[in-house]
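Undergrad: Just the structure for this:
(one chain, ligands or ions: 2)
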Amino acid sequence: MSNYHIKHLEEYFQVYRKSVRNPESFWEEIAEEHFVWRKRWDKVLDWDFTKPEIKWFEGAKLNITENCIDRHLHIRGDKTAILFEPNDPNENAQHITYNQLHARVSQFANVLKSKGIQKGDRVVIYLPMIPELAISVLACARIGAIHSVVFAGFSATALATRINDCEAKMVLTSDGSYRGSKTIDLKGIVDEALINCPGVEKVLVAKRINSDIHMESGRDEWLMPLLDDASDECEPEIMDAEDPLFILYTSGSTGKPKGMMHTTAGYMVYTAFTFKNVFQYRENDVYWCTADIGWITGHSYIVYGPLANGATTVMFEGVPSYPDFGRFWEIVEKHKITQFYTAPTAIRALAKENLDFVSNRNLSSLKVLGTVGEPINEEAWHWYNDHVGEKKCPIVDTWWQTETGGILISPIPFSTPTKPTYATLPMPGIQPALMDENGNEIFGNQVDGRLCIKFPWPSIARTIWGNHQRYKDTYFSAYENSYFTGDGALRDEVGYYRITGRVDDVIIVSGHNLGTAPIEDAINEHPAVAESAIVGFPHDIKGNALYGYVTLKETGENRDRDNLRKEINQQIADKIGPIAKLDKIQFTVGLPKTRSGKIMRRILRKIASKETSNLGDTSTLLNPEVVQKIMDEAL
Ligand code: ATP
Ligand code: MG
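TA: Ligands and ions are numbered 1, 2, ... in the order given. All right, here's what the predicted structure looks like:
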């Protein structure tokens, strides 16, 4: 039995049981058989959640890029590693083979070295979704520099905060970026950020939009001539298993972003294993994850996981709405995509548009669909299943976090029967637990509680960069000997998990704990509703009452608002119970979101409670104008 690739449900259960009975030998076997090591480990796992300290494959030596690139060259050197689809559909796609990737990563790595970057130095990457982004990530890993990718939609202030937090010496950027019909002056944003970043010595600039930009002499250099002159051979730096690979900041949905530090060997083993299984990847598949590499999803499931499996991974520069709302489906048809992985926010946005955008395309190449980032509501799930997957493609609702490095709970397609809104079962090696408020584990099925993980897995983040105390306080202090996820979940009668929302967002109404996801799910079922978010606000009798923010589909725009309110509440009463009815419903043009597309309920909570003098950390807020509008129209 190959533990590495699970093909049916019984096999999943067998593998799972084995993985929790003896996690060390389970992961050791996978590490041994599927990767190249310069030196074998002395010990598989060493852990102590009280410190907390976690080490996987200690003593091993490796380079992750050797596993993601070099070892594929003799068997699939001419296979496409990265398939780049530009913003403009009229510009040609680029097929970068494994051989070419090897050469380009080596050249880039040599440039970094020639500019003084050494093992352990931090390099901030602020690039759009162009090949140089993936290549520079790998180039850092090649020489042992720690990359910290900052999503190229962040402001100068947010960029500066991250550069300073990880004390980066170098920033990689481009003259600008294309985003739909717009261009963005990335270099201008970097210049503004660097006014407040005295530690940055060098800025290397890729050319993308050919704009006329300011180059600071002594600091800024164009990448192109440097790359052209560099050798296309670069010996990989031999790293320890626990050497840092990257720092990545969380989305900031619940507060100030945390700089999660991930290390090398465990991260590689876990992302490769989960990629193979969750997407049931096969040799000739063309896999597409629409996330940006600026998020953990892009790190683990555009770059490292796919490349470690020798896959073809698509990088898309553009947006789902340009030149029209059919762009995703046009790309699926054009490149015969086999696995498609996106976020619920994108599905909800596309489901609002004319169905012709989807139905006019041939999507028959698709085998597996995925979602990540937020709970997916039932209506969006069905739309995805009916119109994109044409009921033939299992949907993997993958639950995980920046902190977890890889997917922890998800169906395995063609093995695990799916169930809308359920992330279903834990990956091998993952031991979830539901806890009550007093720190006790809740056993049995048909229960809900706070989601914890009781045993370390290889890709868990090892610390928050520069703030180990915050790491300990946030994840390991609430429950003894458990990693606390911050999310609430329920376990159904067969043991499937459903994420019910953030624990911070749980609302206690008349003594009942209400998670946000099931109620929003019920609201979104209403045919006129596009999206919704609910929060609590203080109420004299109930303690808290529910406040709903609702955006409408175009077809709902001219409906009478009071009737809509009644219908929405009726729907909630029918699906959940009268206890969950909303006291206030505000119709709005949009919801505040993080730049990674998640609803920021903490801001809505402040508005509902009329505490708007301090909205908290808004550095990752995508749409401040919507927040202003919601405040102006608050009930
Ligand atoms: P911050 O930690 O800064 O508040 P964040 O939690 O949004 O930000 P991420 O690490 O990007 O940062 O997101 C992880 C969170 O996203 C999870 O804790 C969970 O709340 C949510 N999430 C991710 N995938 C799913 C999913 N499939 N179903 C439900 N929720 C999900
Ligand atoms: Mg989080």
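Undergrad: Please give the number of neighbouring residues around the residue in the stretch 301-450 of the chain that ligand 1 sits nearest to.
TA: Using CB to the nearest ligand atom, the closest approach of the stretch 301-450 of the chain to ligand 1 is made by Thr402 at 3.4 Å. C-beta here means a position set from N, CA and C on the backbone, and glycine is covered the same way. Residues within reach of Thr402, counting by other CB atoms under 10 Å, total 21.
Undergrad: Could you list which residues are in contact with it?
TA: 248-251, 258, 260, 295-296, 461 (CB atoms under 8 Å, 6 or more residues apart in numbering).
Undergrad: Go again with 6 Å.
TA: By CB atoms under 6 Å, 6 or more residues apart in numbering, the contact set of Thr402 is 248, 250, 260, 296.
Undergrad: Now do the SS call for Asn569.
TA: helix (DSSP: H, G, I helix; E, B strand; the rest coil).
Undergrad: re the thing from before, just the contacts of Thr402 now: which is nearest ligand 1?
TA: Closest to ligand 1, out of all of the contacts of Thr402 and judged by CB to the nearest ligand atom, is Thr250, at 3.3 Å.
Undergrad: what sits against the closest one?
TA: Per CB under 6 Å, 6+ apart, neighbours of Thr250: 257-258, 402.
Undergrad: now Gly449
TA: 434-436, 442.
Undergrad: Excluding chain neighbours, what is closest to it?
TA: Leu434 (3.4 Å; CB to CB, 6 or more residues apart in numbering).
Undergrad: Next, count neighbours for the one you found.
TA: The burial count for Leu434: 19, using other CB under 10 Å.
Undergrad: Quickly find the element holding it.
TA: Assigned by DSSP states H and E, Leu434 falls within strand 432-435.
Undergrad: ok, now Leu245?
TA: Per DSSP H and E: strand 244-249 holds Leu245.
Undergrad: What strands flank the helix or strand bottoming out on mean pLDDT in the chain, and is each parallel or antiparallel?
TA: Within the chain, no helix or strand scores below strand 512-514, which has a mean of 89 by mean pLDDT, DSSP states H and E. Using DSSP bridges, the strands paired with strand 512-514 in its sheet are strand 507-509 (antiparallel).
Undergrad: what mean pLDDT would you report for the strand it pairs with?
TA: For strand 507-509, mean pLDDT is 91.
Undergrad: Residues in contact with it: which ones?
TA: Contacts for strand 507-509 (CB under 6 Å, 6+ apart): 514, 536, 542, 544.
Undergrad: Please name the nearest non-neighbouring residue to the last one.
TA: Pointing back at Asn544 there. Gly536 (3.9 Å).
Undergrad: hang on, the one you found in a strand?
TA: Yes: under three-state DSSP, Gly536 sits within a strand.
Undergrad: For the stretch 501-635 of the chain, what lies in contact range of ligand 1?
TA: The stretch 501-635 of the chain comes close to ligand 1 at residues 502, 596, 598, as judged by CB under 6 Å from any ligand atom.
Undergrad: Looking at those residues, state which has the most neighbours.
TA: Among those, Ser596 has the most neighbours (other CB under 10 Å), with 25 neighbours.
Undergrad: Now do the same contact list for that residue.
TA: Contacts of Ser596 (CB under 6 Å, 6+ apart): 251, 295.
Undergrad: Next, find the distance separating it from Phe151.
TA: Noted for Ser596: a distance of 7 Å to Phe151, by CB to CB, to the nearest Å.
Undergrad: List the ones among the contacts of Thr250 that fall in strands.
TA: Of the contacts of Thr250, none are assigned to strands by DSSP state E.
Undergrad: for the residues you listed, which one is nearest Ser613?
TA: Pro257 (22.3 Å; CB to CB).
Undergrad: who touches that closest one in this structure?
TA: Each residue near Pro257 by CB under 6 Å, 6+ apart is listed here: 249-250.
Undergrad: Next, it: phi, psi?
TA: Note on Pro257: backbone dihedrals following degrees, to the nearest 10 are phi -60, psi 150.
Undergrad: so how far is Gly294 from it?
TA: For Pro257 relative to Gly294 (CB to CB), the value is 12 Å.
Undergrad: for Glu201, same thing?
TA: For Glu201, the distance to Gly294 equals 23 Å [CB to CB].
Undergrad: higher neighbour count, these two?
TA: The residue with more neighbours, out of Glu201 and Gly294, is Gly294; 24 against 14, by other CB under 10 Å.
Undergrad: Quick check: the more buried one is in a strand.
TA: No: using three-state DSSP, the assignment for Gly294 is coil, not a strand.
Undergrad: got a pLDDT number for whichever residue of the stretch 451-600 of the chain sits closest to ligand 1?
TA: In the stretch 451-600 of the chain, the residue that lies nearest ligand 1 is Ile499 (3.6 Å; CB to the nearest ligand atom). Here the pLDDT value assigned to Ile499 is 97.
Undergrad: In contact with it, which residues?
TA: 375, 399, 423, 487, 489.
Undergrad: Could you say which helix or strand holds it?
TA: According to DSSP H and E, Ile499 maps onto strand 497-502.
Undergrad: these two touch, right, the residue nearest to Asn544 and Tyr547?
TA: No: using CB atoms under 6 Å, Gly536 and Tyr547 do not qualify as a contacting pair, with a distance of 7.1 Å.
Undergrad: hmm, back to that, hmm, who's touching the least confident helix or strand of the chain?
TA: Taking CB under 6 Å, 6+ apart as the rule, strand 512-514 contacts 506-507, 579-580.
Undergrad: Right, I'll call it a day here.
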